[in-house]
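Engineer: next one to model:
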Amino acid sequence: MTPKQFEIQDAADRKETVLIVKRALKSLDRQKYPNINNTLKSGNTKIYALLNLILDQMYVLEFDIELSLLAVEENI
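Structural biologist: As a prediction, this is how the structure comes out:
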């Protein structure tokens with residue numbers, strides 16, 4: 001389930017938010033985020049759940065991707 005803020009954004013804003021997450025995951029420091037890295041390797045179902053966790057944290061932490069990844073890493 002995605003955050004309500006994400007759902008009410010227009011398509012261009014949603015796309016940009018997802019692209020921010022995609023870029024962050026592509027350049028992910030595997031040593032700094034081992035739990036996220038393991039989740040990415042585990043399969044599509046868990047990747048979608050991971051994406052939702054990151055999106056939730058981004059809205060809570062005012063779109064700071066680095067803090068969002070740290071929060072998700074600690075909670076996996």
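
Engineer: for the spatially closest residue to Ile76 that is not a sequence neighbour, what are phi and psi?
Structural biologist: Ranked by C-beta to C-beta, 6 or more residues apart in numbering and with sequence neighbours excluded, the top spatial neighbour of Ile76 is Asn35, at 4.0 Å. The way it works is simple: take the backbone N, C-alpha and C, and place the C-beta from them, glycine included. Phi and psi for Asn35, reported as degrees, to the nearest 10, are phi -70, psi -40.

Engineer: all helices of this structure, in order?
Structural biologist: 4-8, 11-26, 34-42, 44-60, 65-75 (DSSP state H).

Engineer: what is the neighbour count of the residue nearest to Ile76?
Structural biologist: Asn35: 13 surrounding residues under other C-beta atoms under 10 Å.

Engineer: go on, Leu50?
Structural biologist: 19.

Engineer: do the same with the one 5 residues further on
Structural biologist: Other residues within reach of Leu55, judged by other C-beta under 10 Å, total 22.

Engineer: do the same with the one 5 residues further on
Structural biologist: Summarising burial for Val60: neighbours were counted as other C-beta under 10 Å, giving 14.

Engineer: same check on Leu51?
Structural biologist: 16.

Engineer: now do Ile36
Structural biologist: With other C-beta under 10 Å as criterion, Ile36 counts 22.

Engineer: which ones are touching it?
Structural biologist: 25, 28, 50, 69, 72-73, 76 (C-beta atoms under 8 Å, 6 or more residues apart in numbering).

Engineer: quick one: low-confidence residue ranges for this structure.
Structural biologist: Counting by pLDDT under 70, the ranges of the chain that qualify are 1-7.

Engineer: so what's the residue nearest the centre of the chain up against?
Structural biologist: Nearest residue to the geometric centre of the chain (C-alpha atoms, centre = their mean): Ile54, 2.7 Å. Contacts for Ile54 (C-beta under 8 Å, 6+ apart) come out as 21, 24, 68-69, 72.

Engineer: closest to Thr39 out of the residues you listed?
Structural biologist: Nearest to Thr39 among those, counting by C-beta to C-beta, is Val72 at 8.9 Å.
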